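Visitor: just to be clear, the model below is a prediction. Sequence and coordinates:
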Amino acid sequence: MGNLAGWPYWKVISITGQSGAGTDYQVKLTIGDSAGGDFHLEGHCTNFPQDIRITDDDGTTLLDHFVEDLTADPIIVRVKVNDDLGSNRDVRVYYGKSGETTASNGANTFLQYHGSASSNFLDSLTISSPYIWEGRVRSTNATHNLTWGLTNVLDLSDDNIRVQSYSTGNAVYHYVGNEGTTSNVTEAPSLTINQWYRGKISNDGTTTYGYFDDNEIGSGGLNTNLPDESLGLFMNAFTGTCEQTWSFARKYNSPEPAFSSAGSEETPPTGVSPTSVFYGPLVGPLGGPL
């Protein structure tokens with residue numbers, strides 16, 4: 001087992017596997033600089049969280065990962081674990097090397113990924129269930145209906161999950177499912193204009209669930225394996241403003257593999273100082289001493 005060259009510190013992170021998770025699962029870790037998170041990095045980062053790298057348990061094979069917000073502390077990281085997480089696995093988190101920039105890469109980490117957007121974008125959902133589609137989104141205009149999420153060919157009277165805003169100044173949770181059967185969840189706490197939320201849509205192969213900040217807003221029989229399903233930002237009559245920082249589709253297994261524990265901070269060996277070696281007396285050609 002090797003060490004990642006140039007990185008002065010690391011911790012071994014244990015992940016609890018779950019049957020059926022398979023390879024390339026995007027596992028969530030929360031990492032603090034000197035406190036907080038699932039574990040922290042002892043304040044030894046030189047430019048938290050830019051100088052973080054994650055490897056397989058061999059200590060050298062770099063793993064793709066994505067940091068949701070580089071200004072946060074602790075950060076939320078999704079690391080794509082190459083090994084089969086049907087059983088428990090370890091990874092290493094390296095840190096503390098000066099002069100590094102972030103290796104966060106959403107496109108390499110997820111099944112599908114979109115960065116910052118403030119206007120309509122639609123993308124075909126090319127993955128099969130089960131999966132989770134997540135995004136950091138907000139409504140920025142209180143006078144138009146607008147949508148982030150998943151829909152059947154932009155037909156907003158058909159299957160979709162969305163956040164919808166009204167002229168009241170607040171957005172409300174809204175769910176439409178089951179081929180046009182509408183359900184407005186107006187009893188839920190309203191969403192505030194210009195405030196960021198985590199939108200999440202999960203599909204377990206049978207039922208689709210919609211969430212904002214992990215609060216379930218509705219469920220239905222939305223079949224996201226159909227070729228005409230689309231996801232993204234989309235607005236009624238293409239008006240209004242809805243924004244996202246990022247959104248991604250990732251693997252989903254229930255229960256999910258998850259962080260278990262972090263080992264103590266480790267550092268590379270400092271080396272052993274040379275020691276005197278005795279080779280015995282010098283001898284002449286006939287075996288006698290010189």
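Guide: Done, it's in.
Visitor: element containing Asn47?
Guide: Following DSSP states H and E, one finds Asn47 outside all helices and strands.
Visitor: ok, it - how many residues close by?
Guide: A count of neighbours around Asn47, defined by other CB atoms under 10 Å, yields 15. Where you see a C-beta, it was placed from the backbone N, CA and C, and this is true even at glycine.
Visitor: and Ser14, by the same measure?
Guide: Residues near Ser14, counting by other CB under 10 Å, number 15.
Visitor: specify the local secondary structure of it.
Guide: strand (DSSP: H, G, I helix; E, B strand; the rest coil).
Visitor: in the sheet, who's paired with it?
Guide: Asp90, Ser261 (DSSP bridges).
Visitor: contacting residues around it?
Guide: By CB atoms under 8 Å, 6 or more residues apart in numbering, the contact set of Ser14 is Asn88, Arg89, Asp90, Phe259, Ser260, Ser261, Ala262, Gly263.
Visitor: mind redoing it with 7 Å?
Guide: Applying CB atoms under 7 Å, 6 or more residues apart in numbering, we find Ser14 in contact with Asn88, Asp90, Ser260, Ser261.
Visitor: could you dump those into a markdown table and include distance to Gln244?
Guide: Output for these, formatted as a markdown table (distance: CB to CB, whole Å):
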| residue | distance to Gln244 |
| --- | --- |
| Asn88 | 34 |
| Asp90 | 33 |
| Ser260 | 31 |
| Ser261 | 33 |
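Visitor: buried subset of those residues as a PyMOL selection?
Guide: Under the burial definition 16 or more other CB atoms under 10 Å, those of those that qualify are selected in PyMOL by:
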select buried, resi 90
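Visitor: ok, for Asn108, nearest residue in space, not its chain neighbours?
Guide: Asp64 (4.2 Å; CB to CB, 6 or more residues apart in numbering).
Visitor: state the distance from the one you found to Arg78.
Guide: Distance of Asp64 to Arg78, given as CB to CB, to the nearest Å: 9 Å.
Visitor: tell me, what's touching the two both at once?
Guide: Listed contacts common to Asp64 and Arg78 are Thr109; contacts here mean CB under 7 Å, 6+ apart.
Visitor: can you pull the contacts of the closest residue to Leu4 other than its chain neighbours?
Guide: Of all residues not flanking Leu4 in the chain, Tyr94 sits nearest, at 5.0 Å (CB to CB, 6+ apart). By CB under 7 Å, 6+ apart, the contact set of Tyr94 is Leu4, Trp7, Tyr9, Trp10, Arg53, Thr55.
Visitor: so of those, which ones are in strands?
Guide: Tyr9, Trp10, Arg53, Thr55 (DSSP state E).
Visitor: which ones are touching the first one?
Guide: By that I understand Tyr9. Contacts of Tyr9 by CB under 7 Å, 6+ apart are His44, Tyr94, Tyr95, Gly96, Glu265, Thr267.
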